[in-house]
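>>> coords below, sequence missing:
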């Protein structure tokens with residue numbers, strides 16, 4: 001369960017206030033995989049960061065009874081000056097999981113070879129995504145936050161990524177941002193639409209997609 005209580009967030013852009021979340025009061029059910037929809041710039045990534053606790057809201061709060069991942073597709077979850085292994089050790093301490101087990105899982109899953117022990121600043125964007133995705137999948141969260149990343153790398157690696165993600169979804173909830181409707185339908189069963197600072201929950205994902213499509217016209 002994730003509950004938003006009077007949650008608000010805005011930014012000042014060129015002297016004008018842009019309201020991203022406007023006094024949101026909503027309870028998200030447990031055991032659902034939610035596709036988060038909204039036009040470009042609506043604030044989807046901002047909302048994920050607030051849920052994860054990596055960005056503060058202006059007011060209000062979020063209440064949850066389970067563990068929540070960091071936004072998997074966002075680069076700020078990984079420190080560029082640390083090696084991949086050091087990043088994983090740090091995450092293991094933060095989330096209270098066995099360090100060696102997590103290192104073994106991520107090293108094998110990410111297939112980074114010697115780069116796993118090199119600074120992340122030397123990685124390509126794809127390598128950073130594989131590290132972050134592997135670290136997230138190596139920790140069992142009650143809710144996974146996924147920002148545009150459900151599979152990375154070549155076809156074989158994408159297939160492996162999709163398999164482990166689907167395995168996690170069999171026991172966990174998720175909030176997924178992805179502009180590909182086929183991908184959302186593959187991973188999600190319900191939907192959220194963020195529009196003009198308001199978030200609307202739909203039990204049926206197709207209803208959320210239809211509503212979102214209408215808002216774009």
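Received it, and whenever you're ready, just let me know what you need. Treat the numbers as computed from the prediction; the structure is a model and nothing was measured.

>>> CA atoms for contacts and neighbours, from now on please.
Will do.

>>> residue 182 and residue 42: what is the separation?
21 Å (C-alpha to C-alpha, to the nearest Å).

>>> for residue 156, same thing?
33 Å.

>>> the more surrounded of those two?
residue 42 (20 against 9; other C-alpha atoms under 10 Å).

>>> would you say the more buried one is within a strand?
No. Counting by DSSP: H, G, I helix; E, B strand; the rest coil, residue 42 falls outside a strand, being coil.

>>> list the contacts for it?
Shown in contact with residue 42 (C-alpha atoms under 8 Å, 6 or more residues apart in numbering): 20, 194-197.

>>> just the buried members of those?
20, 194-195, 197 (16 or more other C-alpha atoms under 10 Å).

>>> and the helix or strand hosting residue 208, what does it pack onto?
According to DSSP states H and E, residue 208 maps onto helix 205-215. Using 3 or more C-alpha pairs under 8 Å, 6 or more residues apart in numbering; DSSP states H and E, the elements in contact with helix 205-215 are strand 33-37, strand 190-195.

>>> quick check: next helix or strand after the lowest-mean-pLDDT helix or strand in the chain?
Taking mean pLDDT, DSSP states H and E as the measure, the helix or strand of the chain with the lowest value is helix 155-169, at a mean of 86. Heading C-terminal from helix 155-169, the first helix or strand you meet, by DSSP H and E, is strand 173-177.

>>> what about the helix or strand that that next one is followed by, average pLDDT?
Once the chain leaves strand 173-177, the next helix or strand it forms, by DSSP H and E, is helix 181-187. The pLDDT scores in helix 181-187 average 89.

>>> over to stretch 45-65?
Rounded mean pLDDT across stretch 45-65 is 94.

>>> which residues sit against that stretch?
With C-alpha under 8 Å, 6+ apart as the test, stretch 45-65 has contacts from 1-10, 21, 23, 68-71, 145, 147, 177.

>>> now these: which count as buried?
If we count by 16+ other C-alpha under 10 Å, these have these buried: 1-5, 7-10, 21, 23, 68-71, 145, 147, 177.
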